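Asks: Predicted model follows, preceded by the sequence.
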Amino acid sequence: MSGGAEQVHFGGEIFDDRSTKDSTVPHTTTEMGSGHFSGEKYGGASFFDNVMLIDNEHQAVVLPDEVGAVYSKPKCYDLTMSDTGPNGMLFYFGGPGWNGNCP
């Protein structure tokens, strides 16, 4: 990374090989974060606040506008990004796992 990073990834994972081996088995009920969807925000969903990138001079790097989110099962788990301010980025995440809308 001495030449500079092009991407930074943050992640979480719920792994359930039962539902990947047999499509008749429902997705796991394992919760991510607090078990609440990100739309519940503070008081419901889990969150990370003041997320920053620090350069090799130990200075905060201004995050680019094109910071985005990718998640594979939005009816089971989701993520909501908030504005990036001078104290870093804030994002909410979570979900209950299997539910009436999550296959």
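Replies: Received, thanks. Here the structure is a predicted model, which is why all the values come from computation and not from measurement. Numbering: from 1, shown residues only.

Asks: quick one: pLDDT of residue 94?
Replies: On pLDDT, residue 94 comes in at 93.

Asks: ok, now which ones touch it?
Replies: Contact analysis of residue 94 by Cβ atoms under 8 Å, 6 or more residues apart in numbering lists 31-38, 40, 45-46, 77-78. Heads up, the C-betas are built off the backbone N, CA and C, glycines and all.

Asks: quick one, helices of the protein?
Replies: Secondary structure of the chain by DSSP state H: the helices cover 17-21.

Asks: hey, which helix or strand in it has the poorest pLDDT?
Replies: Counting by mean pLDDT, DSSP states H and E, the chain has its least confident helix or strand at helix 17-21, which shows a mean of 72.

Asks: just the strands in the chain please.
Replies: 46-51, 53-54, 60-61, 78-81, 89-94 (DSSP state E).

Asks: Can you lay out those as JSON lines showing distance to residue 67?
Replies: Formatted as JSON lines, these follow (distance: least, Cβ to Cβ, whole Å):
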{"stretch": "strand 46-51", "distance to residue 67": "9"}
{"stretch": "strand 53-54", "distance to residue 67": "10"}
{"stretch": "strand 60-61", "distance to residue 67": "12"}
{"stretch": "strand 78-81", "distance to residue 67": "7"}
{"stretch": "strand 89-94", "distance to residue 67": "7"}
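
Asks: Deepest-packed of those strands, please.
Replies: Counting by mean count of other Cβ atoms under 10 Å, strand 89-94 has the highest mean neighbour count of the strands of the chain, with a mean of 21.

Asks: and residue 37, how far is that from residue 80?
Replies: Applying Cβ to Cβ, to the nearest Å, the value for residue 37 to residue 80 is 9 Å.

Asks: ditto for residue 101
Replies: 17 Å.

Asks: Same question for residue 99.
Replies: 18 Å.

Asks: cool, residue 22 as well?
Replies: From residue 22 to residue 80 the distance is 32 Å (Cβ to Cβ).

Asks: before we move on, what about residue 94?
Replies: 10 Å.

Asks: Check residue 31 too.
Replies: 17 Å.

Asks: And for residue 42?
Replies: 11 Å.
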